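[1] heads up, no residue letters with this:
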């Protein structure tokens with residue numbers, strides 16, 4: 001019999017159990033044991049599938065794609081759909097280059113939770129409460145920033161905060177987000193070397209400004225503050241496939257740190273750095289080799305990076321220095337010129353709580369192809385890394401591998417700590433890999449105090465994502481001319497926070513107490529119906 005006590009954080013605290021077995025709850029004095037989800041949800045043509053969570057967890061929607069924005073516009077009428085077509089295709093309708101059979105889905109992405117007073121909205125007479133979940137949207141034109149008003153009724157549930165910047169330009173599509181307590185701004189990344197990066201006020205309507213003259217433009221996704229006011233930014237830029245390794249790609253993305261001249265005003269510029277890793281083979285920096293994809297894909301350095309127990313020396317190298325209100329620049333090109341070290345799509349990262357921002361964990365997505373010639377040994381399935389420094393502003397550090405991905409555990413994207421020692425990485429493996437392995441995405445919990453070098457040591461699955469009916473329709477239509485939407489659902493925006501908007505609330509500053517003292521967890525089931533969920537404890 002499973003005993004559930006108040007601290008159902010237990011459901012996510014895998015003390016090294018094999019996926020599918022019982023979890024020893026490290027945080028429970030009673031020694032309660034909880035059950036992991038035994039398998040991922042299979043992909044069956046034409047069939048939807050439910051989400052399956054650990055038995056001690058449940059989920060509740062806080063917004064869905066069909067939620068009408070309280071201040072809807074003709075172009076941005078809904079939380080998850082543009083106004084350019086119906087939500088579902090009409091029976092028998094088929095897409096063409098000139099005919100859209102369904103509205104473009106906006107794909108709300110990374111979530112940022114805030115518990116903050118004094119916020120208004122489109123209705124000046126309404127009390128919007130104090131609990132908000134903010135996000136940018138990854139698809140559609142114009143892009144948009146929304147705020148889910150967690151205390152509000154249905155009519156006021158979701159507010160369109162902005163679809164234009166301060167200059168009247170349509171927003172680009174947005175991926176990552178965070179709250180910067182030094183600048184008192186929401187920060188948004190756009191995943192493109194030609195797109196702006198934004199800061200936005202929390203007050204309605206949000207004033208959105210381009211800050212890419214300071215931090216640069218790149219395939220930016222994850223963005224986080226540290227206690228010194230620095231910004232840590234992760235980049236997702238897919239590399240070129242090899243000639244003799246056509247299913248594998250050259251590492252082409254970087255881990256950045258921006259050191260602002262004035263943390264309270266990012267427009268004043270600062271220094272952008274990128275991480276450089278020293279080779280165990282030669283002692284020289286591991287670098288990108290232009291035009292030599294095959295050389296990099298199966299290099300000894302790539303194998304060493306994905307080998308357990310190896311420890312690498314790291315150093316932050318300056319790639320660009322900007323003054324106030326400088327012109328935008330290509331951060332990816334600058335990182336290569338400075339001999340920074342590329343990774344295979346390190347999309348998101350977070351600091352481990354209780355370490356005074358000295359340990360940073362980040363995901364590496366990999367090739368998202370079962371047939372990658374790189375395999376696990378050369379990082380074809382990505383993994384999870386730990387960067388350790390004496391303090392968040394230190395120039396030198398060490399890099400180690402926490403987990404080497406395999407075909408069943410790959411496409412790691414968003415990451416959050418659940419307590420001091422347990423971190424969750426969630427998958428975005430993509431339709432191709434879903435089909436190849438006959439499995440949708442999962443969310444896993446890792447114990448960062450243990451080794452995963454042995455094959456029997458595996459993370460614990462707490463979420464087996466399914467596929468909603470809308471995503472099933474899109475998957476059936478995948479590849480059709482004129483279809484604008486993605487197919488299978490993915491897990492994105494995993495977020496654990498107590499909403500503290502001060503510097504004490506920076507992710508990693510406090511040890512989470514999930515489901516207690518205001519700590520909450522959210523994620524978005526992107527694509528399809530675009531539902532954003534709150535994860536809650538199940539009362540059993």
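    Ah, there it is. Note that this is a predicted model, so its numbers are computed, not measured.
[2] Every contact and neighbour count from this point should use C-alpha atoms.
    Will do.
[3] ok, how many other residues are close to residue 268?
    Residue 268 has 18 neighbouring residues, counting by other C-alpha atoms under 10 Å.
[4] surely it meets residue 327?
    No - taking C-alpha atoms under 8 Å as the definition, residue 268 is not a contact partner of residue 327, at 11.8 Å.
[5] Need the overlap of contacts for those two.
    With contacts taken as C-alpha atoms under 8 Å, 6 or more residues apart in numbering, the residues that reach both residue 268 and residue 327 are residue 214.
[6] what pLDDT, on average, does the one helix or strand residue 316 maps to get?
    Here residue 316, judged by DSSP states H and E, is contained in strand 312-322. Averaging pLDDT along strand 312-322 yields 98.
[7] Other residues contacting it?
    Applying C-alpha under 8 Å, 6+ apart, the set of residues contacting strand 312-322 is 213-214, 257, 269-280, 331, 334-335, 337-338, 340, 395-400.
[8] among the residues you listed, which ones are buried?
    Neighbour-count burial (16 or more other C-alpha atoms under 10 Å) applied to the contacts of strand 312-322 gives 213-214, 257, 269-280, 331, 334-335, 338, 340, 396-400.
[9] taking the residues you listed one by one, which sit in helices?
    Judged by DSSP state H, helices contain the following of these: 213-214, 331, 334-335.
[10] can you give me the strands for the stretch 251-400 of the chain?
    Using DSSP state E, counting those that start in this stretch, the strands of the stretch 251-400 of the chain run over 255-260, 270-277, 312-322, 349-351, 359-364, 383-389, 396-404.
[11] on that earlier part again, need the ones in helices among the buried ones among the contacts of strand 312-322 in CSV (columns: pLDDT and distance to residue 181).
    Output for those, formatted as CSV (pLDDT from 0 to 100; distance: C-alpha to C-alpha, whole Å):
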residue, pLDDT, distance to residue 181
213, 97, 20
214, 98, 18
331, 98, 24
334, 98, 28
335, 98, 27
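[12] out of the strands of the stretch 251-400 of the chain, which comes closest to residue 90?
    Ranking these by proximity to residue 90 (C-alpha to C-alpha) places strand 359-364 first, at 39.5 Å.
[13] Show residues contacting that closest one.
    343-352, 382-389, 411-415, 425.
[14] change it to 7 Å
    With contacts defined as C-alpha atoms under 7 Å, 6 or more residues apart in numbering, strand 359-364 is touched by 344-352, 382-389, 412-413.
[15] repeat for stretch 428-436
    If you take C-alpha under 7 Å, 6+ apart as the criterion, stretch 428-436 is touched by 43, 368-370, 410-413, 440-441, 487-488, 490-491.
[16] Also stretch 255-265?
    Stretch 255-265 is contacted by residues 182-183, 215, 229-235, 266, 268-275 when judged by C-alpha under 7 Å, 6+ apart.
[17] Can you mark which positions in that stretch are buried?
    255-261, 263.
[18] nearest to residue 201, of those residues?
    Among those, residue 263 lies closest to residue 201 (C-alpha to C-alpha), at 15.2 Å.
[19] so how far is residue 451 from the closest one?
    Distance from residue 263 to residue 451, counting by C-alpha to C-alpha, to the nearest Å: 37 Å.
[20] Residue ranges in the stretch 301-450 of the chain under the pLDDT threshold?
    Nowhere does the stretch 301-450 of the chain drop to pLDDT under 70.
[21] count of neighbours near residue 281?
    Residue 281: 10 neighbours (other C-alpha under 10 Å).
[22] Quick check: it vs residue 171, distance?
    Using C-alpha to C-alpha, residue 281 is found at 45 Å from residue 171.
[23] Residue 219 too?
    According to C-alpha to C-alpha, residue 219 and residue 171 sit 16 Å apart.
[24] again with residue 438
    In this view, residue 438 and residue 171 are 37 Å apart by C-alpha to C-alpha.
[25] Spit out the contact partners of the residue lying closest to residue 332 once chain neighbours are set aside.
    Once flanking residues are discounted, residue 332 sits nearest to residue 218: 5.7 Å by C-alpha to C-alpha, 6 or more residues apart in numbering. Applying C-alpha under 7 Å, 6+ apart to residue 218 gives the contacts 191-193, 235, 330-332.
[26] same thing with residue 518?
    Residue 518 touches residue 498, counting by C-alpha under 7 Å, 6+ apart.
[27] any idea where the strands of the stretch 101-250 of the chain begin and end?
    Remark: strands assigned in the stretch 101-250 of the chain by DSSP E, counting those that start in this stretch are 108-115, 131-137, 145-149, 158-162, 177-180, 185-188, 198-200, 208-210, 220-225, 231-235.
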